[in-house]
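[1] this one's structure only:
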């Protein structure tokens, strides 16, 4: 076989191999977008106090780390319930970094909220992280953790 034919075969092989990698990149980007969308959906569900939807978004063994406590789903709902109908919140989710590998994923982000509650306004800033598990082809939130950076009364 001449050098020209070998070169063409190698070039064809490299083209096929690198072309085969492209869907993996697209798949990774698709999975990362799903996870980012899931975080946004989580806060919509929380703000709407839709506790069945919250259960649906999370694993059965979900854990929330909030306010120095570790809470399961029922304790999380008890924690959120007093806020229902007590004001509103405007949220900003920034600097979100997502990493997905197989059936596990995690995200880290900065979360800012302007909350009005009982006539008081608070500007709250957190660092947050979450862990996800893919169950039956669907991403579920397994844990959510936040650390308060600052709380400012306005």
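    Arrived safely. Given the structure is predicted, the values throughout are model-derived calculations rather than measurements. Residues are numbered from 1 along each chain as shown.

[2] Heading C-terminal from the lowest-mean-pLDDT helix or strand in the chain, find the next helix or strand.
    Sorting the helices and strands of the chain by mean pLDDT, DSSP states H and E puts helix 3-48 at the bottom, at a mean of 73. Under the assignment DSSP states H and E, the closest C-terminal helix or strand after helix 3-48 is helix 51-57.

[3] Which residues does that next one contact?
    Residues from elsewhere that reach helix 51-57 (CB atoms under 8 Å, 6 or more residues apart in numbering): 38, 41-42, 45-46, 73, 76-77, 80, 140-141. (C-beta placed from N, C-alpha, C; glycine too.)

[4] can you tell me the average pLDDT over that helix?
    Across helix 51-57, pLDDT averages out at 98.

[5] so what does the helix or strand that comes right after it touch, helix or strand wise?
    Once the chain leaves helix 51-57, the next helix or strand it forms, by DSSP H and E, is strand 58-66. Judged by 3 or more CB pairs under 8 Å, 6 or more residues apart in numbering; DSSP states H and E, strand 58-66 is in contact with strand 69-71, helix 73-80, strand 138-153.

[6] Just want the angle from the last one to strand 58-66.
    What that stands for is strand 138-153. Using axes from the mean of the first three to the mean of the last three CA atoms, to 10 degrees, the direction of strand 138-153 lies 20 degrees away from that of strand 58-66.

[7] Any idea how far strand 138-153 is from the middle of the chain?
    Distance, stretch centre to chain centre, for strand 138-153: 10 Å (CA atoms, centre = their mean, to the nearest Å).

[8] Give me the sheet partners of that strand and which way each runs.
    Strand pairing for strand 138-153, using DSSP bridges, gives strand 58-66 (parallel), strand 120-135 (antiparallel).

[9] mind listing what's buried in that strand?
    For strand 138-153, a neighbour-count test (16 or more other CB atoms under 10 Å) marks 139-146 as buried.

[10] Would you mind putting those residues into TSV with pLDDT and distance to residue 69 alongside?
    Listed next are the buried residues of strand 138-153 as TSV, based on pLDDT from 0 to 100; distance: CB to CB, whole Å:
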residue	pLDDT	distance to residue 69
139	98	25
140	98	22
141	98	17
142	98	17
143	97	13
144	98	12
145	98	11
146	96	11
